[in-house]
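>>> Pasting the sequence and the predicted model now:
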Amino acid sequence: MMLSSTCLIAILASSTAFAPHISQVQRTQSSLFATNGKGSEDRREFITKTATTAVGVTAAAVGGVAGVPADAEAAASKMWAPVPLPFSDTLYDIDFDSDTHGYLVGARGSFAETNDGGKTWEARSFSNLDAEEEVTYRFQVASFKNGEGWVLGKPTLMLHTKDGGRSWERIPMSPKLPGEPTSIVATGPSQAEMTTSQGAVYYTENAGRNWKAQVKETIDATLNRISSSGVSGASYFSGSIINQVRDTSGSYLAVSSRGNFFLTWEPGQDFWIPHNRGTPRRIQSMGFVEGKLDKGIWMTLNGGKMFVSSKSDMTQDDFEFKESDIKTGGYGITDVVWRNEKEVWAVGGSNTMYVSFDGGKKFKFDKSANDIPGNLYNVKFFPKHGNMGWALGSNGLLLRYVG
């Protein structure tokens, strides 16, 4: 069922499923973004040193050192180079609003800024968060456009800047919000789109003072209504989704928290549409081919499997996925990205990296991070900024694409 934007807003205004009243909230603004002082550096250095041993043991338990055959490693490429950072915490996201200016966010209040295209990074902190409070936040999402930026953190925290990060304001969130904020995308001046862990999609046109719900029906309600449609695993839905990904046109792809099915939503639709995963293995991650819905979707499964589908009809229950030839040795694949139509990168456990030059059909090993303990979680390219590439992982690992 489709609704025009006018009808949708009218219906959502009367709906309580995804439209809590979030209006005219009090906001805290200050020139709170500043370079770390001596006390802040000492605190971060102390926390980093005391956590190094624990992090190292955890990384080894999760991944260890990739067991790549000697002949495969000898023939492997090395197309990424590490970039030094002022902290050693897990990194979650990176974004740029110009060829030179960008931000990096991570665990334990990690926040860094670059003004030279990522060659060097400087740690930042917020003056309205004391030392003990700041390290409790895990900044997970950063999105910038034309000098305006948004950052999401856990425990629930939203920050907004209109001047390229010189000053920031804290946006309070309604306690009636269905689920926790999981993603946010800057779309224009004072405009952004936010999703939550329960599948709500909100849009603001006034820098977060008001949010309009874009989805009419909760995922729980949708699954109850179509429980006879044959979507495997829908009856085990736990109420939350993970891995929400947005394409360039505003369409979304998400995975149920158990990994037993996935869902899609396109602008104008009243509800999310569930789809079968088509395999007994659980879904680990999903995304769009070349970042666009009309190009297809990719899916990774437990055990290091990867599949790609060129189908773009999101109204159907099942998709025709083709398995990629990628030898991971069982290490999970956490993220995949298309650098261009032919060059594709996949990253995963134990800092493994793989590259394909035929559009994702066959991959070969890249040893750029093979000797570094930990795990890679995110890989991104920025076509608008010279197609620069970055891979993010645990222990403060930041890799820059050098080709």
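Happy to help now that I have it. Computed from a predicted model, the values in this text were never measured in an experiment.
>>> So Asp325 versus Met306, what's the distance?
From Asp325 over to Met306 the distance is 9 Å, taken as C-beta to C-beta, to the nearest Å. Glycine gets a C-beta too; all of them are placed from N, C-alpha and C.
>>> between the two, which one's more packed in?
Counted by other C-beta atoms under 10 Å, Asp325 and Met306 do not tie: Met306 has more neighbours, with 26 against 12.
>>> who's the more buried one bridged to?
Following DSSP bridges, Met306 is listed with bridge partners Thr300.
>>> That one contacts Trp298, doesn't it?
Yes. Contact criterion C-beta atoms under 8 Å: Met306 and Trp298 qualify, at 6.8 Å.
>>> anything in contact with each of these two?
Residues touching both Met306 and Trp298 (C-beta atoms under 8 Å, 6 or more residues apart in numbering): Val336, Gly360.
>>> Count the residues that sit near Thr315.
9.
>>> Tell me what the closest residue to it other than its chain neighbours is bridged to.
Counting by C-beta to C-beta, 6 or more residues apart in numbering, Thr315 lies nearest to Ile273, which is 6.5 Å off, once chain neighbours are set aside. According to DSSP bridges, the partner residues bridging Ile273 are Thr264.
>>> Wait, Ile273 touches Met314, no?
Yes. With contact defined as C-beta under 8 Å, Ile273 reaches Met314; the gap is 6.1 Å.
>>> Need the overlap of contacts for those two.
By C-beta under 8 Å, 6+ apart, the residues touching both Ile273 and Met314 are Thr264.
>>> And the nearest residue to Ser394 once chain neighbours are set aside, what's its pLDDT?
Take Ser394 and drop its neighbours on the chain: the residue closest to it by C-beta to C-beta, 6+ apart is Gly374, 3.9 Å away. Looking at Gly374, its pLDDT is 94.
>>> mind checking how far Gly374 is from Gly348?
The spacing between Gly374 and Gly348, counted by C-beta to C-beta, is 11 Å.
>>> Of these two, which one has the most company?
Taking neighbours as other C-beta under 10 Å, Gly374 and Gly348 compare with Gly348 leading, 28 against 22.
>>> residues touching that one, list them.
Neighbour list for Gly348: Thr300, Gly304, Thr328, Tyr331, Gly332, Ile333, Thr334, Asp335, Asn375, Leu376 [criterion: C-beta under 8 Å, 6+ apart].
>>> Can you report how many residues neighbour the closest residue to it other than its chain neighbours?
In this structure, Gly348 finds its nearest non-sequential neighbour in Ile333, 4.3 Å apart by C-beta to C-beta, 6+ apart. Other residues within reach of Ile333 by the criterion other C-beta under 10 Å amount to 27.
>>> hey, what's Ala213 bridged with?
With DSSP bridges applied, Ala213 shows beta-bridge pairing to Tyr202.
>>> Cool, thanks, signing off.
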